[in-house]
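K.L.:
Structure here, sequence nowhere to be found:
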């Protein structure tokens with residue numbers, strides 16, 4: 001006996017699905033995107049009459065149609081690993097029962113395994129909208145820009161993260177992203193300088209519809225802080241501080257050496273330069289100092305009372321330090337002078353041609369006038385020494401003359417007169433210039449003159465009689481007491497009786 005059953009109903013297919021073929025087994029949405037060529041395909045097939053004979057799938061990619069391939073059937077569950085190609089894959093799942101009736105379900109998945117490609121990423125100052133020159137330091141807003149190659153861009157493809165000085169920084173509320181509109185189009189990220197000074201690394205990440213990602217980075221040092229200049233030091237061995245109305249610093253050279261330091265904790269010092277001016281308004285072109293954090297330079301051409309120096313510094317970000325202006329300076333390169341004809345000893349004028357005579361028995365009260373130029377620093381001190389030019393060893397207090405309104409005075413004690421020679425002086429001004437001068441010639445004679453012979457001659461007024469020629473005894477018939485005595489001395493020069 002045989003039984004026959006009629007089955008005119010195709011199998012039922014339900015719950016067709018696609019999942020990632022990795023440990024996550026994340027479900028792939030129908031008509032969605034996936035970044036791997038392998039997927040896990042599954043479906044449920046049932047037939048209450050003749051039963052399910054097989055469940056198969058077939059893939060169409062463009063004009064290419066794959067062969068019918070069986071899924072593994074376990075009860076009502078069918079599943080299998082499917083390898084797909086780049087592009088749009090249309091998958092048809094077919095369930096067939098034992099009387100060859102079939103039913104089908106369709107799924108679509110887009111495969112994209114290619115990552116987005118960044119092209120020409122550059123960071124430049126936002127103000128440089130024409131040349132867009134790449135920079136690594138900036139004291140103003142910057143822009144990160146480039147293009148991207150990706151046919152399947154996500155709706156919002158770009159995101160940006162950042163680190164500052166090595167630590168993560170939240171800049172989401174500070175930056176502005178201009179997303180790329182299509183494959184090959186441009187994108188920008190605007191970063192304001194207000195994000196803060198520091199070493200920044202910006203990471204721009206792109207994602208496509210399939211979840212592929214790639215990144216590009218841009219590094220910049222944001223530095224909006226000005227360098228700090230020290231006060232310059234004017235270095236020269238020719239500086240002297242005066243006193244009283246001359247309580248200033250004077251220099252005896254038109255070349256002054258300036259030195260100092262610059263501090264910049266940001267991008268670092270790029271250059272330090274100076275300019276000069278005679279009026280404080282019109283400045284010369286810039287000239288660089290030697291060095292940056294420590295710097296120095298000898299500057300020439302100073303004029304007394306007018307020349308000023310303006311010093312400033314730039315850091316690598318372009319910040320300029322507050323300028324330091326030094327000067328004007330007191331310059332005196334001319335030595336003071338002895339006033340001609342002013343040298344006197346005891347009120348009597350003396351010179352190299354009119355010597356002072358000393359017998360070593362009296363002190364010499366010496367006075368003379370000294371002057372400095374009208375624009376000079378003024379006479380500071382005078383030293384007077386007999387017999388030798390004044391030196392550093394003899395320019396001491398004991399030999400210093402008193403100064404009063406341009407007149408120098410000093411007493412040379414009698415003990416210092418020991419021989420003939422010259423009286424010398426050295427005249428200093430406040431700038432350190434000095435003049436060595438010869439005050440006067442000195443003739444020394446400590447020996448009394450001697451009369452070698454004498455005689456009393458007759459005259460019209462009287463008659464002289466010498467009884468003994470070997471004895472200087474004369475008789476004169478002159479009641480007035482006036483007579484003429486003549487003789488010879490061994491001194492070359494004697495005073496008159």
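P.N.:
Nice, I can see it. Because the structure is a prediction, the values reported are computed rather than measured. Numbers count the residues shown, from 1 in each chain.
K.L.:
ok, which stretches of the stretch 1-150 of the chain are helices?
P.N.:
Along the stretch 1-150 of the chain, counting by DSSP state H, counting those that start in this stretch, no stretch forms helices.
K.L.:
what's around residue 106, how many residues?
P.N.:
11 (other C-beta atoms under 10 Å). Every C-beta, even on glycine, is put in place using the N, C-alpha and C of the backbone.
K.L.:
Is it correct that residue 158 is in contact with residue 180?
P.N.:
Yes: between residue 158 and residue 180 there is a contact under C-beta atoms under 8 Å: 7.1 Å.
K.L.:
Overlap of the contact sets of those two?
P.N.:
residue 187 (C-beta atoms under 8 Å, 6 or more residues apart in numbering).
K.L.:
which residue is nearest the middle of the protein?
P.N.:
Closest residue to the average C-alpha location of the chain: residue 292 at 3.6 Å, with C-alpha atoms, centre = their mean.
K.L.:
What's the separation between that one and residue 44?
P.N.:
The gap separating residue 292 from residue 44 is 77 Å, by C-beta to C-beta, to the nearest Å.
K.L.:
Ok, residue 294 next?
P.N.:
82 Å.
K.L.:
Comparing those two, which residue is more hemmed in?
P.N.:
Just comparing residue 294 and residue 44: by other C-beta under 10 Å the higher neighbour count belongs to residue 44, 18 against 14.
K.L.:
Which residues are in contact with that one?
P.N.:
13-15, 76-78 are the contacts of residue 44 under C-beta under 8 Å, 6+ apart.
K.L.:
Repeat that for residue 394.
P.N.:
By C-beta under 8 Å, 6+ apart, residue 394 lies in contact with 383, 385, 388.
K.L.:
Could you export these as TSV, including distance to residue 323 and neighbour count?
P.N.:
Shown next, in TSV, are the contacts of residue 394 (distance: C-beta to C-beta, whole Å; neighbours: other C-beta atoms under 10 Å):
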residue	distance to residue 323	neighbour count
383	44	23
385	50	23
388	52	11
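K.L.:
Just the ones of the residues you listed in strands?
P.N.:
Counted as lying in strands by DSSP state E, out of the contacts of residue 394, are 383, 385.
K.L.:
Now the element after the helix or strand bottoming out on mean pLDDT in the chain, going C-ward?
P.N.:
Across the helices and strands of the chain, mean pLDDT, DSSP states H and E gives its lowest value to strand 239-241, namely a mean of 59. Where DSSP states H and E defines the elements, the next helix or strand beyond strand 239-241 is strand 249-251.
K.L.:
List the neighbours of the helix or strand just after that next one that are in contact with it.
P.N.:
Note on strand 249-251: by DSSP H and E, the next helix or strand toward the C-terminus is strand 256-263. Under the criterion C-beta under 8 Å, 6+ apart, residues 227-236, 269, 272, 274, 289, 292-299, 302, 309, 311, 313, 321, 326, 329 lie in contact with strand 256-263.
K.L.:
any idea what sits nearest residue 49, other than its immediate chain neighbours?
P.N.:
Leaving aside its sequence neighbours, residue 49 sits nearest to residue 7 (C-beta to C-beta, 6 or more residues apart in numbering; 4.1 Å).
K.L.:
oh, I was asking about residue 294
P.N.:
The nearest residue in space to residue 294 (C-beta to C-beta, 6+ apart) is residue 261, at 5.2 Å.
K.L.:
separation between that neighbour and residue 383?
P.N.:
Look at residue 261 and residue 383: by C-beta to C-beta, they are 40 Å apart.
K.L.:
Kindly report the same for residue 207.
P.N.:
90 Å.
K.L.:
Then residue 224?
P.N.:
60 Å.
K.L.:
now swap in residue 252 and tell me
P.N.:
Residue 252 is 18 Å from residue 383, by C-beta to C-beta.
K.L.:
now do residue 370
P.N.:
Residue 370 is 12 Å from residue 383, by C-beta to C-beta.
K.L.:
go on, residue 42?
P.N.:
On the measure of C-beta to C-beta, residue 42 and residue 383 end up 115 Å apart.
K.L.:
Same check on residue 334?
P.N.:
On the measure of C-beta to C-beta, residue 334 and residue 383 end up 19 Å apart.
K.L.:
Is residue 312 in contact with residue 325, as I believe?
P.N.:
No: between residue 312 and residue 325 there is no contact under C-beta under 8 Å: 9.6 Å.
K.L.:
Give me the more crowded residue out of those two.
P.N.:
residue 312 (20 against 15).
K.L.:
who touches that one in this structure?
P.N.:
Contacts of residue 312 by C-beta under 8 Å, 6+ apart are 229, 272-273, 320-324.
K.L.:
Same question for residue 236.
P.N.:
By C-beta under 8 Å, 6+ apart, the residues touching residue 236 are 251, 253, 255-257.
K.L.:
Residue 369 now?
P.N.:
Counting by C-beta under 8 Å, 6+ apart, residue 369 touches 338-339, 342, 406-408.
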